[in-house]
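sequence below, structure please.
(one chain, ligands or ions: 1)
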Amino acid sequence: MTLPTTSSAEPAPRSGGPTLGRRTMIAGAGVAAIGAVAACGGGGSTTTDNGGQAQTGDAPQGSPGTVLGPTSEVPVGGGAIFADAQVVVTQPQQGTFTGLSAICPHQGCAVSQITDGQIVCPCHNSRFSLDGAVVDGPAQRPLDPRQVTVADGSITLA
Ligand code: FES
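Next up is the predicted model:
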């Protein structure tokens, strides 16, 4: 099992405020997690007026079999962002885990926080519910599902 760690080589966030590790950002209901945005991916991205936030474009995502982390990192009524794998795992109810793409369907930014039971994209502030449905645009469609499995307290990409 690979636990999230903070690398000293990770880039500094571009905006002020507290930061969490680049690999995992966690927020429970009512608790804001303001984290560093995942690093930019490969080519194919376009620059927009996103306030310097990262866009991931066609960056690679975690592959099947990738261990994301322990279920204890995913709060009930909230979720965790596994930035390296570009996956969000939520736990709307105790013991129910939902895997979602961390890539916003609007213009491809990586979502950066989960607060008040909503997944937030930093680029244009689209908000998604814990099942990935659009709560507030400009995104027009939900976050793509990502299949995850849970066994022995560990979450793995299926
Ligand atoms: S990329 Fe525009 S809201 Fe996410």
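
every contact and neighbour count from this point should use C-alpha atoms.
Fine.

which residues are in contact with V87?
61-62, 81, 99-103, 146 (Cα atoms under 8 Å, 6 or more residues apart in numbering).

write out the residues of this structure neighbouring the ligand.
Residues of the chain lying close to the ligand (Cα under 6 Å from any ligand atom) are 104, 106-109, 121, 123-126, 138-139.

which of those has the most neighbours?
In terms of neighbours by other Cα atoms under 10 Å, those top out with C104 at 28 neighbours.

next, work out how far apart it and V87 are.
Noted for C104: a distance of 11 Å to V87, by Cα to Cα, to the nearest Å.

give me the neighbour count for the closest residue to P92 other than its chain neighbours.
Distances taken as Cα to Cα, 6 or more residues apart in numbering put G77 closest to P92, at 4.7 Å, once the chain neighbours are dropped. For G77, the count of nearby residues is 20 (other Cα under 10 Å).

my guess is G77 contacts G117. True?
Yes: if you go by Cα atoms under 8 Å, G77 and G117 touch, sitting 6.0 Å apart.

and the pLDDT at G65?
On pLDDT, G65 comes in at 87.
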